[in-house]
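**Q** Okay, here's the prediction I keep looking at, along with the sequence it came from:
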Amino acid sequence: MNFQESIFVAGHRGLAGGAILRELQRAGYGNVLTRTRGEVDLTDRVAVRRFFEAEKPRIVVLAAAKVGGIQANNDFPVEFLLENLKIQNNVIEAAADFGARKLLFLGSSCIYPKLAPQPIPESALLSGPLEPTNDAYAIAKIAGIKLCQSYAREYGRDFICAMPTNLYGPGDNFDLASSHVLPALLRKVHEAKSSGAKTVVVWGTGAPRREFLHVDDLAGACRFLIEHYDSPEMINVGCGEDVTIRELAELICEVVGFTGELIFDMSKPDGTPRKLLDTSRLTALGWRPRTALREGIAQTYAWYRERETRGT
């Protein structure tokens, strides 16, 4: 690898993009490009093309996306579909037109069917109906995958696609209206402990199983793929283990030190019954995650407490 090649990390202020930026800088990449939304609105095709024409990044990491939990996805499907399609189309097209030699597109495990085989292999894509609560986001991501694969097939572009499982870690979104399950539970449990509450309400039955990957592990996997992977076939990124939502909530209570009761609101949706990725393709290449779930939750909680103390 040429560590002075220009690398554009789209979405560097997000959870995944921020971790990827830190990983690239830590590894010695000396020409990493970033732009805030105020500087380059990725939904604006003209602005994106102007940026690519001026900077001509050689490597592009597309981590920018409109993201959210079950409620946000369910309530705003138009916004999730339109905004993500615009971002993807603009960045992928401009990368191709202005000479990027490699592009890494970050998808999501929600692209797979609701009742996919477990663990979910990459071949399960488009083999059944999607989970209805986030199908708009999933369809946008599937379109991004197909666009990258089409550029590879038609024009020989080295555009690769990684499908991460549920991510968490420092930099996560803790807004209860739009966050994913782990940071939402972490905040709920912390606030219950701080206020002296005796109970915490958890959406759903607690039975669904989910896999959680620390975002620093994802960042390491992304750097590994940039350096070692060039197949148009998408590749799963996960830790290979899952827990029930009840087990996750109980683990968070242990980390936070909350001794009250968990109440499961069964009027709320569970989402997909289970979502564990088959990561054998990636592990066969030699990559493994490093962060155990309890360790990662403790690290994330410490980050959240520090931010709360600073009032940011």
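**A** Here it is on my side, so go on.
**Q** low pLDDT regions in the stretch 51-200 of the chain?
**A** By pLDDT under 70, the stretch 51-200 of the chain has no low-scoring segment.
**Q** which residues in it form helices?
**A** Using DSSP state H, counting those that start in this stretch, the helices of the stretch 51-200 of the chain run over 70-75, 77-97, 135-155, 181-195.
**Q** who's in contact with the first one?
**A** Defining contact as Cβ atoms under 8 Å, 6 or more residues apart in numbering, one finds that helix 70-75 is touched by 80, 133-134, 136-137, 177-178, 181, 203, 269, 271. Where you see a C-beta, it was placed from the backbone N, CA and C, and this is true even at glycine.
**Q** Pull out the buried members of these.
**A** With burial judged by 16 or more other Cβ atoms under 10 Å, the buried subset of those is 80, 133-134, 136-137, 178, 181, 203, 269, 271.
**Q** could those residues be laid out in CSV, adding distance to Pro232?
**A** Converted to CSV, the buried ones among the contacts of helix 70-75 look like this (distance: Cβ to Cβ, whole Å):
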residue, distance to Pro232
Phe80, 25
Thr133, 30
Asn134, 25
Ala136, 25
Tyr137, 22
Ser178, 33
Val181, 32
Trp203, 37
Pro269, 34
Gly271, 30
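**Q** Tell me the bridge partners for Phe264.
**A** Here Phe264 shows beta-bridge partners Val202, assigned using DSSP bridges.
**Q** And it, what's its pLDDT?
**A** Listed pLDDT for Phe264 reads 98.
**Q** can you pull the contacts of it?
**A** By Cβ under 8 Å, 6+ apart, the contact list for Phe264 reads 201-206, 246.
**Q** need the strands for the chain, in chain order.
**A** 7-10, 32-33, 59-62, 102-106, 159-164, 166-168, 199-203, 209-210, 212-214, 235-237, 243-244, 261-265, 274-275 (DSSP state E).
**Q** helices or strands up against the longest one?
**A** Think strand 159-164. Secondary-structure packing of strand 159-164 (3 or more Cβ pairs under 8 Å, 6 or more residues apart in numbering; DSSP states H and E): helix 77-97, strand 102-106, helix 135-155, helix 215-228, strand 235-237.
**Q** mind checking which of the ones you listed is nearest Asn173?
**A** The closest of those to Asn173 is helix 215-228. By Cβ to Cβ, the value is 11.7 Å.
**Q** buried sites along the closest one?
**A** For helix 215-228, by 16+ other Cβ under 10 Å, it's 215-226.
**Q** Stretch 304-312 now?
**A** Tyr304.
**Q** ditto for stretch 81-100
**A** For stretch 81-100, by 16+ other Cβ under 10 Å, it's 81, 83-96, 98, 100.
**Q** Quick one: buried ones out of the contacts of Phe264?
**A** In the contacts of Phe264, the ones that pass as buried (16+ other Cβ under 10 Å) are 202-204, 206, 246.
**Q** my guess is Leu218 meets Gly14, correct?
**A** No: Leu218 lies out of contact with Gly14 (Cβ atoms under 8 Å); the separation is 11.6 Å.
**Q** which residues touch Ala116?
**A** Applying Cβ under 8 Å, 6+ apart to Ala116 gives the contacts 124, 127-128, 275.
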